[in-house]
Structures are given as C-alpha cells and as structure tokens.
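Engineer: need a 3D model of the following:
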Amino acid sequence: MLLTHHAKERLAKRLAKRRRLERIYEKLWDFLDRSRRIEVNERIVIFTDGRKSLICSRLDCERLTLEDIKERVDGISRPYECIFLDDKLVRETLPRKFLELIPEGKYCFYLNREKRSLYVGSEEPLLAITLRPAKREERGAKST
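Structural biologist: Presented below is the predicted three-dimensional model:
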C-alpha cells in the first residue's frame, strides 16, 4: 500500500505519533490486521476498525518477474520510498538495493517516478488517500 502525503500525515498524527516511515507503515499494517475490508466499487476500498476508516484507491500494476523489475529500476539513482508487501518491508533507499532483499518470484509492480515510490507485492497495490473517523454505516458494516 502506498500513501499520499495527506494520508501519511494523518497516519502519523492519528496512529503512529511519529513521522518515521517505518513507524508509520508498522502502525498502518497493525490497523489493517484488525480492520474489515469494504469494497465500495471497482476502484475504491475502505478499511475500517469501527472507529477509523482508511480510504484507498486501486492502482494499476504490471505482473513481472524480479529480474524484469530490476531492469526497470536500473537507471534510478535517487532514493525512493520502497514497499514490499509480502514481508511488510518498507525502506527509503535506492530501488536496486531494495530489490536485493526480495526473493525470486513474480510480483505486482508499480513505480511512480514523480512521487519517487516503488511497490512490489503479490497483491495489487492500493493508494491510501485519507484516514478519517468511521461513518455510522462503516461501524457495523459487513466485510466483503
């Protein structure tokens, strides 16, 4: 899961209480583990624990082997926010160094050069848009 600047700020304020990237994602994953998933439509997904709701949008990704991913990020010389969902690994580092930590396989791959973010994982990536108080219908909603 990737975070918009707004979502990162909200998560830091409401959940993590610190602005370190690893701490924000650690608290995000704890929140997701205790939350229900609500599929609003084909693009929007809401995760709610009954008190807070995380609004997310699906991102389009490509399924590539690790070798193909390494070829795609080969020319990048600036640090990126790198996320590997399967091992819940997040770092701000050079993508080629980050990919050395990932086992061989075929993964969903998403790269945003403008925002300097990289996602690798077995599931399609989501973009967290905001964290807000849960609405009444989300407090008792059934997961789908």
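
Engineer: any weak-confidence spans in this structure?
Structural biologist: Along the chain, segments meeting pLDDT under 70 span 141-144.

Engineer: what does the lengthiest helix in it rub up against?
Structural biologist: Within the chain, and with DSSP state H defining each element, the longest helix by residue count is helix 21-33. The contact list for helix 21-33 (Cβ atoms under 8 Å, 6 or more residues apart in numbering) reads 1, 3, 8, 11-12, 15-16, 18, 47, 49, 52, 54, 81, 83, 88, 90-92, 128. Backbone N, C-alpha and C define where each C-beta goes, glycine included.

Engineer: show me those residues that map onto helices.
Structural biologist: Secondary structure defined by DSSP H assigns Lys8, Leu11 of those to helices.

Engineer: check contacts around the residue of the chain most remote from its centre.
Structural biologist: The outermost residue of the chain relative to its centre, with distances by Cα atoms, centre = their mean, is Arg136 at 25.7 Å. Contacts for Arg136 (Cβ under 8 Å, 6+ apart) come out as none.

Engineer: quickly note the distance from it to Leu15.
Structural biologist: Arg136 sits 22 Å away from Leu15, taking Cβ to Cβ, to the nearest Å as the criterion.
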